[in-house]
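Chemist: Using only what follows, build the 3D model:
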Amino acid sequence: MTETHLFAAQALLPEGWARDVLFEFAADGTISAVHRDATEPQAQAAPRAAGPVIPGMPNLHSHAFQRAMAGLSERASPADDDFWTWRALMYAFVARLNPAQVEAIATQLYIEMLKAGYTGVGEFHYLHHQPDGVPYADPAEMSQAIMAAADAAGIGLTHLPVFYEAGDFGGAPPTHEGQRRFLNDPDRFLRLIEAARAAAGGDPQVRIGIAPHSLRAVTQGGLTHVLTGLENLDPTAPVHIHIAEQAKEVRDCIAWCGARPVEWLLDNVALDRRWCLVHATHMSEEETRRVAASGVVAGLCPTTEANLGDGVFPAPGFLAAGGRIGIGSDSHVSVSPIEELRWLEYGQRLTLQRRNVLAGGRGGVSVGARLYMAAVAGGAQALGRPIGRLAAGGRADLVVLDDTLPTLVGRCEDVLLDAVVFAGNVNPVRDVMVGARWVVREGYHPREEAALAAYRSVVAELSG
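Modeler: Now for the predicted structure:
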């Protein structure tokens with residue numbers, strides 16, 4: 001059921017915190033009006049939020065199927081353990097998945113996201129074909145499984161089918177059979193995008209973009225062809241790419257073309273606000289300044305980056321240069337926006353050996369508040385949907401915090417967000433609304449038992 005009104009004693013609006021806020025919602029799930037300092041007669045006519053209201057967090061980078069392999073790769077391999085040994089394990093896992101299993105895994109994951117306070121997700125989806133690499137009769141078969149999972153859970157979706165055409169820099173052919181489920185030439189990939197757009201059917205909760213996997217997985221000609229094709233379909237569609245995640249990737253790119261990955265992208269592609277550079281961990285100072293000036297979003301996934309030993313993003317310089325950030329749970333070793341934000345700051349503290357590194361200047365916005373607001377705004381931009389702002393015209397995606405928790409008692413406004421990010425490990429999310437519909441109430445999602453039962457069956461199948 002779609003709500004029509006909501007009253008909040010305290011709410012975080014684009015211009016800052018406000019008291020006695022009355023939200024009005026349209027039938028299409030958008031916010032039609034926001035009234036500050038609402039009078040008591042107005043408030044009496046609307047349901048009351050049970051705690052402070054903040055914008056829902058966009059999760060800009062997800063590989064949903066990897067939720068089912070979280071915890072399976074924490075053993076030392078015979079060689080030095082790094083991203084590349086983890087990738088080999090991932091290929092073995094992904095070889096077994098079918099569409100029904102992917103849908104069950106994604107449904108369970110998306111419910112977990114909602115309960116944690118994520119209200120939208122960017123699904124960086126590269127599992128397209130059958131295990132032997134032969135396309136399904138419907139090229140969007142796997143994409144439809146993801147869309148069905150998002151619909152069942154009630155989360156907003158930016159679906160990002162991955163363009164993957166090569167095995168390494170310079171168009172080298174794939175050398176690992178695990179990649180055959182990902183591969184498309186440019187024309188077949190664009191047909192997949194058309195099929196995904198048709199499957200979405202104009203649903204306001206679904207946006208279709210694209211994701212060139214990485215510079216090592218596409219050719220310059222193929223990338224140009226796909227970007228041109230996307231311009232004809234939707235010139236405003238989001239474009240995401242993995243880039244400069246590992247030091248080895250940087251070395252290999254220099255060996256291929258004499259330039260660093262981010263440097264090459266800046267010099268050869270017209271980057272703009274549609275783009276999200278996922279990870280961008282290993283950037284020079286010049287690259288950091290240029291990326292910040294381009295208007296793109298840096299998609300940061302601190303828990304996955306830590307799990308894989310990737311490195312630490314140059315956040316102080318990037319934010320100082322006006323850069324935009326968002327967060328994602330990526331491999332889903334953690335499904336918590338709080339942990340992503342906390343480790344974004346803690347990684348800087350450990351590296352620089354000082355506190356409050358990412359606060360908004362001396363005497364300015366505190367760390368938790370700055371990071372939460374930056375990630376909401378950057379995540380909304382990266383997902384290409386009208387979310388992340390509790391204002392007229394935006395989607396009614398919001399989170400109600402439980403301020404009766406010991407960690408939040410007596411906290412308000414920016415100090416409340418600091419406590420959310422840095423105080424304790426109990427989930428402070430009480431209720432979650434997406435598109436003016438309550439999808440979580442008092443920490444409970446109405447489909448969680450059925451989703452968990454289906455997920456358990458899939459894990460048993462994959463473990464057999």
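
Chemist: doesn't residue 157 fall inside a strand?
Modeler: Yes. Remark: residue 157 belongs to a strand, assigned using DSSP: H, G, I helix; E, B strand; the rest coil.

Chemist: wait, it sits on residue 123?
Modeler: Yes. Contact criterion Cβ atoms under 8 Å: residue 157 and residue 123 qualify, at 6.4 Å. Yep, even glycine has a C-beta here, placed from its N, CA and C like the rest.

Chemist: what is in contact with those two at once?
Modeler: 146, 150 (Cβ atoms under 8 Å, 6 or more residues apart in numbering).

Chemist: neighbours around residue 422, how many?
Modeler: 16 (other Cβ atoms under 10 Å).

Chemist: what residues are up against the nearest residue to it once chain neighbours are set aside?
Modeler: Leaving aside its chain neighbours, residue 422 sits nearest to residue 368 (5.8 Å; criterion: Cβ to Cβ, 6 or more residues apart in numbering). Applying Cβ under 8 Å, 6+ apart to residue 368 gives the contacts 341, 414, 417-422.

Chemist: rerun at 7 Å
Modeler: Counting by Cβ atoms under 7 Å, 6 or more residues apart in numbering, residue 368 makes contact with 417-418, 420-422.

Chemist: element containing it?
Modeler: For residue 368, the host element (DSSP states H and E) is helix 367-383.

Chemist: Quick one: low-confidence residue ranges for the stretch 201-350 of the chain.
Modeler: Counting by pLDDT under 70, the stretch 201-350 of the chain shows no low-confidence range.

Chemist: where exactly do the helices run in it?
Modeler: Along the stretch 201-350 of the chain, the segments classed as helices by DSSP state H, counting those that start in this stretch run 220-233, 247-257, 261-268, 285-294, 302-307, 315-320, 337-352.

Chemist: and the third one with helix 220-233, angle?
Modeler: I take that to be helix 261-268. 60 degrees (axes from the mean of the first three to the mean of the last three Cα atoms, to 10 degrees).

Chemist: Does the residue in the chain sticking out farthest from the centre fall in a helix, a strand, or a coil region?
Modeler: Distance from the centre of the chain peaks at residue 41, with 39.7 Å (Cα atoms, centre = their mean). Following three-state DSSP, we place residue 41 in the helix state.

Chemist: Tell me who's in contact with the closest residue to residue 364 other than its chain neighbours.
Modeler: What sits nearest to residue 364 in space, not counting adjacent residues and going by Cβ to Cβ, 6+ apart, is residue 370, at 7.8 Å. Applying Cβ under 7 Å, 6+ apart to residue 370 gives the contacts 358-360.

Chemist: will you turn those into a markdown table that also has secondary structure and distance to residue 65?
Modeler: As requested, the contacts of residue 370 are exported to a markdown table (DSSP: H, G, I helix; E, B strand; the rest coil; distance: Cβ to Cβ, whole Å):
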| residue | secondary structure | distance to residue 65 |
| --- | --- | --- |
| 358 | coil | 32 |
| 359 | coil | 37 |
| 360 | strand | 37 |
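
Chemist: So for the residues you listed, which is the shakiest by pLDDT?
Modeler: Minimum pLDDT for those is recorded at residue 360 (83).

Chemist: Quick check: the gap between that one and residue 106.
Modeler: 36 Å (Cβ to Cβ, to the nearest Å).

Chemist: more neighbours, the two?
Modeler: The neighbour count for residue 360 versus residue 106, taken as other Cβ under 10 Å, is higher for residue 106 (30 against 17).

Chemist: I figured that one hits residue 149, correct?
Modeler: Yes. Using Cβ atoms under 7 Å, residue 106 is in contact with residue 149, at 3.5 Å.

Chemist: Kindly indicate which of the contacts of residue 368 lies nearest residue 36.
Modeler: Residue 36 lies nearest to residue 417 out of the contacts of residue 368, by Cβ to Cβ, at 19.2 Å.

Chemist: What residues does that closest one make contact with?
Modeler: 368-369, 372.

Chemist: Kindly recompute the last result at 10 Å.
Modeler: Applying Cβ atoms under 10 Å, 6 or more residues apart in numbering to residue 417 gives the contacts 12, 17, 52, 54, 341, 365-373, 401, 411.

Chemist: for the nearest residue to residue 409 once chain neighbours are set aside, phi and psi?
Modeler: Leaving aside its chain neighbours, residue 409 sits nearest to residue 403 (6.9 Å; criterion: Cβ to Cβ, 6+ apart). Per-residue torsions, residue 403: phi -80, psi 10 (degrees, to the nearest 10).

Chemist: okay, residue 403: pLDDT?
Modeler: Residue 403 carries a pLDDT value of 97.

Chemist: tally of neighbours for it?
Modeler: When neighbours are counted by other Cβ under 10 Å, residue 403 comes out with 21.

Chemist: That one against residue 429, yeah?
Modeler: No. The criterion here is Cβ atoms under 10 Å, and residue 403 misses it with residue 429 at 11.5 Å.

Chemist: need the helices for the stretch 351-464 of the chain, in chain order.
Modeler: Going by DSSP H, counting those that start in this stretch, the stretch 351-464 of the chain shows helices at 367-383, 413-422, 448-463.

Chemist: quick one: the last one to chain centroid distance?
Modeler: The one in question is helix 448-463. How far helix 448-463 lies from its chain's middle: 23 Å, per Cα atoms, centre = their mean, to the nearest Å.
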